[in-house]
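[1] Predicted model and sequence below, questions to follow.
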Amino acid sequence: MTKYWLCVTNEDNWNIVKTKLVWGVPEKRGKCQIQKVKPSDKLVFYVTPKRIGGIFEATSETYESNEKIFSWADFGKEELFPNRVHLKPIVVVEQPIIADQLVKKMSFCRGQRCWSIFLRRAMLEITKSDFNLVFQILFK
């Protein structure tokens, strides 16, 4: 059964996702979630700050790699993002769309005063309805 994911990344790593067709998460933030990703799962990319860049489909099982392709420093400590999955694009917009109002409509945000706390993770599972909401916006 297909699962749907919201993946949170910065601009530099968004460019890596688009060019290398791979998504990776840090060892301490996201490993449990990415290990649940299976081929055919759909990944929506939230590019900080507050933009949606595109949707990809997982094309592999998750794997570990020590190849340094992602960039991110947490308090001066470099992170490898060793937990990865291969992707193929479904839709990638030339200019990421502003997602502030869109994200607020997603089910994980309903009733939350501070919904952005959910976006401090590397990724989180979302509902098919939330995925469809994003999909429709990207294909306008």
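    That came in fine, so what should we check first? The structure displayed is predicted, hence computed values, not measured ones. Residues are numbered from 1 along each chain as shown.
[2] Settle this for me: Ile98 is touching Arg51, isn't it.
    Yes. Counting by CB atoms under 8 Å, Arg51 is a contact partner of Ile98 at 6.1 Å. (C-beta placed from N, C-alpha, C; glycine too.)
[3] which one of these two has more residues nearby?
    Using other CB atoms under 10 Å as the criterion, Ile98 and Arg51 rank with Arg51 on top: 19 against 12.
[4] And the more buried one, how close does it get to Glu57?
    20 Å (CB to CB, to the nearest Å).
[5] other SSEs contacting the lengthiest strand in the chain?
    Ranked by residue count and defined by DSSP state E, the top strand of the chain is strand 83-98. Of the remaining helices and strands, those touching strand 83-98 by 3 or more CB pairs under 8 Å, 6 or more residues apart in numbering; DSSP states H and E are helix 11-20, strand 22-25, helix 31-34, strand 42-47, strand 51-58, strand 63-64, helix 128-138.
[6] from memory Trp14 sits against Pro49, does it?
    No. Here Trp14 lies out of contact with Pro49, judged by CB under 8 Å, at a distance of 11.8 Å.
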